[in-house]
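1. Below is the structure, and that's it, no one-letter string:
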């Protein structure tokens with residue numbers, strides 16, 4: 001995978017509302033000087049056994065409610081491990097199921113931290129303190145078993161007459177609108193609907209993040225998932241790197257920094273990292289962030 005960095009537009013339809021709320025949060029949080037200089041910081045309270053309110057948005061495979069009603073997922077597994085290393089136990093956590101659009105705007109009022117696999121972007125970095133990425137996520141294509149069209153990635157498919165299926169409001173739809181002919185795009189509201197379209201022959205491949213497609217394809221002999229690839233920004237020609245991380249208020253940057261220290265140690269132990277994330281179809285080859293930092297992704301807005 002390339003090291004070129006570019007903004008990933010996951011959840012683009014919620015961006016304007018979330019962005020406005022995020023800027024309001026930023027204006028407030030920068031005037032509240034808690035954190036490292038305060039003996040009563042969020043980190044210290046949590047390490048002393050206090051409750052920690054953590055928001056998630058019920059999105060597999062990152063953070064979601066499992067069949068047993070527990071909160072699970074790749075991001076949850078990694079962050080709980082890091083918190084435990086900091087002396088913060090799972091029974092201290094108060095999970096807050098939260099609409100995606102309120103994950104940032106609710107920081108402080110509704111919750112203290114976000115564990116949702118949220119992509120690190122320059123706009124979001126203006127408002128919040130991102131930890132370093134604990135995963136990167138390429139896209140992939142779900143195709144009929146045997147991949148009869150021989151499709152490998154978005155750009156190559158756009159040069160054929162194949163019809164691509166995309167979810168409404170995603171970065172995949174945005175890119176498809178720019179590089180595919182209109183009659184080659186099948187837009188549906190969710191992945192279940194797209195799979196039905198694929199099996200009915202009304203599209204030839206589905207474009208979405210690799211982990212989502214792999215989870216959906218488990219146990220389904222009628223479909224398979226290609227190797228991962230990065231989407232290409234049609235305007236710049238650069239690869240779009242999606243990388244997710246935990247989120248804090250800027251005043252809790254000391255907590256973020258402590259998490260980053262433990263994350264660096266974990267990422268150096270690739271066997272342990274893979275043990276934590278493998279149940280959610282993440283692999284070292286496709287999803288290890290390899291030293292990528294939030295500051296790399298937000299060179300002008302990181303805080």
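-> That came in fine, so what should we check first? What you are looking at is a predicted structure, and each value in this text was computed from that prediction instead of being measured.

2. For the residue nearest in space to the middle of the chain, give me phi and psi.
-> Most central in the chain under C-alpha atoms, centre = their mean is residue 117, positioned 3.6 Å from the mean C-alpha point. Backbone geometry at residue 117, expressed as degrees, to the nearest 10, gives phi 70, psi 30.

3. can you tell me which residues contact it?
-> Applying C-beta atoms under 8 Å, 6 or more residues apart in numbering to residue 117 gives the contacts 59, 62-63, 73-75, 135, 244. C-beta here means a position set from N, CA and C on the backbone, and glycine is covered the same way.

4. now for those, which pair is the farthest apart?
-> Comparing all pairs in those by C-beta to C-beta, the longest separation belongs to 59 and 135, at 13.4 Å.

5. More neighbours: which of the two?
-> residue 135 (25 against 17; other C-beta atoms under 10 Å).

6. thought that one was touching residue 289?
-> Yes. Taking contacts as C-beta atoms under 8 Å, residue 135 lies within contact range of residue 289: 6.2 Å.

7. Touching both of these two, which residues are there?
-> The contact lists of residue 135 and residue 289 share residue 243, where a contact means C-beta under 8 Å, 6+ apart.

8. count of neighbours near the residue lying closest to residue 183 once chain neighbours are set aside?
-> Excluding its sequence neighbours, the residue lying closest to residue 183 (C-beta to C-beta, 6 or more residues apart in numbering) is residue 163, at 7.8 Å. Using other C-beta under 10 Å, residue 163 is surrounded by 20 other residues.

9. Same check on residue 95?
-> 18.

10. partners of it in the sheet?
-> Residue 95 has these beta-bridge partners by DSSP bridges: residue 54.

11. which residues touch it?
-> Residue 95 touches 54-56, 71, counting by C-beta under 8 Å, 6+ apart.

12. can you tell me which of those lies nearest to residue 113?
-> Closest to residue 113, out of all of these and judged by C-beta to C-beta, is residue 54, at 4.9 Å.
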